[in-house]
Every structure is written in structure tokens, then in C-alpha cells.
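Participant: Provided below for reference: sequence and predicted model.
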Amino acid sequence: MAASAPDPDPASPYEHERTVAVAAAEAAGTVLREHFRAPMTVRTKSASGDVVTSLDLAAEEVVLGRLRRHFPHDRILSEEAGLLDGGSRRTWLVDPLDGTNNVAIGLPAYVVGIALCVAGAPVLGVIHEPLTRRTWHAVSGRGAHGESGPLTGPDGTLPATGPVIAWTQGYGVGRADAVATGLRRHLELGCRRVLQLWAPLLGWSMLARGTIDGFVGYRAEGLDLPAGALLAAESGVHLRTLRGEVFRPEDTGRGDGHSFVAARADALDYLLAQVDSAARPDPPG
């Protein structure tokens, strides 16, 4: 297994928490990787078609066990277990298998995500990709890092053929949602590729590494947002609301009101213009 890059300052805040979270995510990743091709149970857990598998539960057990052992007084909000209230201002957010729908159909595109929020604001984010055994992590104010060193995000240059972006929307967004339909239409026309990965944290890690140019979310899920958004922000990516205001992923609950545009420089301006166009009605033909 490739070793995760250590934080450049071992005395930095949340170093112990980062070490525990990285180890927990990688241990859960080992479970996911080793059992990905094995038979698993799959059940639908919501009317929107969201599913849970036995792998979600196995990976979650690994992460929760480590977090509760090292931080017994902290709150934990996890995808399947729900809220484990430790009475603290510190809350761990756990998505033990982001990309469950992919796994359920045999598509190997999934990650493990862990975040720590203090008083509602993310201070630590970890994303681990079991397939490649790579881990990326960020501490607020200390940058984002991976096994090869600091993450610097995309350079913000707008490609002549249009940007490659990721798209995500919440499970509560219906197929006939006019805003989502309009946004997707404008982005598909104005971008070279719009990737719907079914694993938002995978999109955030790609953005932080600079392999895509931007990320647009509409009413995205709140649980896995802080880890990814912190990773991207610490790599130099700018986060905006659909109206162009500063976006702060501070809600640690399961809300569906998290809409954002994430990019930098020319790519950010371009995507915000696309979003603005989508909000205006088409002229009469």
C-alpha cells in the first residue's frame, strides 16, 4: 500500500485527528477493495432509489470503531448509523462508501470520506480511493496533501474546447426539477465534459488534484460535502454559491440546500456565467 504523505508540519493542529482519520479511511478501503467482487446484499433505502450494501455497513463499522476508540466524547454523524451524540462541539462526518450505486452495479468508482467539523466548520477532510490505494487529506489553513505532496488544484485556465467539470445533485432532486434540468442543459452545451460520477467525493478529489476544471452542485447532500469542499479549498479552489457569493460548507447536517460552483480564475468566471444564463428564461423564438 502506498503510504500517505505526512503533513509537512507534524506539530500542526489536528495532527492526531488527521492520523487517525487517514488510518481509519484506509482500513475501511481495504475492506471495500478486498470484498468488491464478492457477493453482497443490496437494498433500497429511499424512494429516490438510493441504496445501501453490506459493504457500506462493513466499512462503516471499521471507521466508527476507530473514531469512537480515539475520540469517545465526539459526536459522529455517519451515512448509515446516523447520529452518535457524544455531547461535543466536534462532529465527525463519515461516508464509508461514497459511490454505493456504482458498487451495486459493479462499477469500481468509489471512495471513503471522513471530515471533522468544529462548531459547524470543517477543519479536517480525508478522502481515500480504495482502488488506487491513494489518500488525500486537508487541514484548515494548512493546505491539502496526497502521497506525492501538496495538491494545487486546476490552474484556472479555460480550455479552448471548454472545461471538464463534475456535476452532483441531491437525492431529493426529482427528474422534472426545472432548475436542475436548466443547469445541466447549459453546462452540457458550454462544457467539454460534464461528469456525473455518483460519488461526489471522487469529484472533489479530482478537482483538488487539478484533473478537472470545476465542480457544480445543486442541492447536494450535506454529509460528504465538508470533506471534499475543504480539500478543494485548501488546494486553492474558490467556492461560490450559484449567485456568485462565497460558499461556506458549514452545515454538518443532512440538508439538501447546498448548491455551489467550485473552480478558479477564468474557469470560475465562465461557470458562474453559465449558471447565470441557466437562471434566465430563453428568449422567444
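Facilitator: Structure received.
Participant: Would you map the helices across the stretch 1-150 of the chain?
Facilitator: Applying DSSP state H, counting those that start in this stretch to the stretch 1-150 of the chain gives helices spanning 15-35, 54-70, 100-104.
Participant: Ok, which of those helices comes nearest Ile127?
Facilitator: Minimum separation from Ile127 across these (Cβ to Cβ) falls at helix 15-35, 7.5 Å. In short, each C-beta sits where N, CA and C put it, glycine included.
Participant: Show the average pLDDT along that closest one.
Facilitator: For helix 15-35, the mean pLDDT works out to 97.
Participant: returning to that earlier point: reformat the helices of the stretch 1-150 of the chain as a markdown table; add distance to Val126 and mean neighbour count.
Facilitator: As requested, the helices of the stretch 1-150 of the chain are arranged in a markdown table below (distance: least, Cβ to Cβ, whole Å; neighbours: other Cβ atoms under 10 Å):
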| stretch | distance to Val126 | mean neighbour count |
| --- | --- | --- |
| helix 15-35 | 5 | 20 |
| helix 54-70 | 10 | 19 |
| helix 100-104 | 18 | 20 |
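Participant: Adding distance to Leu195, write these out as JSON lines.
Facilitator: Below are those laid out as JSON lines (distance: least, Cβ to Cβ, whole Å):
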{"stretch": "helix 15-35", "distance to Leu195": "21"}
{"stretch": "helix 54-70", "distance to Leu195": "23"}
{"stretch": "helix 100-104", "distance to Leu195": "13"}
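Participant: what's the closest of those to Val94?
Facilitator: Smallest distance to Val94 across those (Cβ to Cβ): 5.3 Å, for helix 54-70.
Participant: can you tell me which residue is nearest the centre of this structure?
Facilitator: Leu201 (2.6 Å; Cα atoms, centre = their mean).
Participant: The one helix or strand that residue maps to: how far from the chain's middle?
Facilitator: In the assignment (DSSP states H and E), Leu201 maps to helix 200-209. Distance of helix 200-209 from the chain centroid (Cα atoms, centre = their mean, to the nearest Å) equals 7 Å.
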